[in-house]
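Undergrad: Build the 3D model from these lines:
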Amino acid sequence: MDGAIYCGLASDEGRSLFTIFLLLVSATLYIMGLMESKKGHYAFLAGLTVHVASIIERTLTLGTLPLTEKHDNISYMAFVMALSYLYIHVKKESRSLSVIMLPLISLLLCVSAAHLPINTVSPFMRSYWFYLHIFLYFTAFGLFGLSFCAGAVYMHGRKSEYESMQYRTALSGWVIFTAGLVSGSIWFYSAYGTYWLWTSRELWTTLLWFYYGLYLHARLMKGFRGRTASAIGTFGLIVALFTYFGVGTIIPSPPTQF
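TA: Down below sits the predicted model:
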């Protein structure tokens, strides 16, 4: 019996190390995407392929969508950014966006790799509402990341197309984030009997929702434009990352489900 348990643990550790290896390879290939000409494009596509392989490997290991803990969620956020970058790159090649976005994607994968994969899923998480909540939540985070990169490019070069891209992607992210909060509340009620708890995490999630909402409202209704507006929109990603990483680490909070 002890031998079987040991073999099982060794097998889990081996799968975890393989997943981390795939993420680090993908991060390296994404960075190589900064190379000139077609070499960079092929390196990025290779990185995206390996990234997809890591997500498939996690799906097979868990037997469900890999959206239940930090390792997988951060990887998925980076994946959303990578797909967004590919879409933009196909429509219009942007060297300026590449210089900011590809290193950020690679950094997120390294952060994901720093969190050891958890190969068990809580029964409370085995709900369609939970998976929908996390899928929407981190899709929104990925779009907030793209908005951050577009804003940074705009503040450096003052090209209006990037300021417009920053606004559009932030708006898309905010709408998806809102849907994620609604589905999360439904899941939370089905799992714990209440729609919301005002812990520090829920408070900061609400602040993040209002932050982007106020930025978008000012940008749309008040004609808020230019470097100041872009800086406020860009700072939104910092608020988002603090909401996810800072709350529970710097600010005490009950254990998160993801």
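
Undergrad: Point to the residue nearest the middle of the protein.
TA: Met77 (2.1 Å; CA atoms, centre = their mean).

Undergrad: Contact partners for that one?
TA: Going by CB atoms under 8 Å, 6 or more residues apart in numbering, Met77 touches 108, 138, 141-142, 145. All C-beta atoms are positioned from the backbone trio N, CA, C, and that covers glycine.

Undergrad: Check Arg58 too.
TA: In this structure, Arg58 makes contact with 19, 66, 72, 75, 117, judged by CB under 8 Å, 6+ apart.

Undergrad: How about Ser190?
TA: 127, 129.

Undergrad: Could I get the contacting residues of Leu48?
TA: 26, 30, 82-83, 86.

Undergrad: Now restrict those to buried residues only.
TA: With neighbours counted using 16 or more other CB atoms under 10 Å, those contain these buried positions: 26, 30, 82-83.

Undergrad: can you put those residues in JSON lines and add distance to Ser98?
TA: Formatted as JSON lines, those follow (distance: CB to CB, whole Å):
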{"residue": "Ser26", "distance to Ser98": "16"}
{"residue": "Tyr30", "distance to Ser98": "10"}
{"residue": "Ala82", "distance to Ser98": "12"}
{"residue": "Leu83", "distance to Ser98": "15"}
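
Undergrad: okay if I get those as JSON lines plus distance to Arg168, secondary structure and pLDDT?
TA: Below are those laid out as JSON lines (distance: CB to CB, whole Å; DSSP: H, G, I helix; E, B strand; the rest coil; pLDDT from 0 to 100):
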{"residue": "Ser26", "distance to Arg168": "27", "secondary structure": "helix", "pLDDT": "97"}
{"residue": "Tyr30", "distance to Arg168": "24", "secondary structure": "helix", "pLDDT": "97"}
{"residue": "Ala82", "distance to Arg168": "19", "secondary structure": "helix", "pLDDT": "97"}
{"residue": "Leu83", "distance to Arg168": "16", "secondary structure": "helix", "pLDDT": "96"}
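
Undergrad: Next, count neighbours for Glu36.
TA: 7 (other CB atoms under 10 Å).

Undergrad: re earlier: closest to Gln166 out of the contacts of Arg58?
TA: Ser75 (24.2 Å; CB to CB).

Undergrad: Just give the number of residues close to that closest one.
TA: The tally of other residues near Ser75 (other CB under 10 Å) stands at 27.

Undergrad: just Ala27 next, same as before
TA: As a burial measure, the neighbour count of Ala27 was computed by other CB under 10 Å and equals 25.

Undergrad: in what helix or strand does it lie?
TA: Element membership for Ala27, per DSSP states H and E: helix 2-32.

Undergrad: Nothing else from me, thank you.
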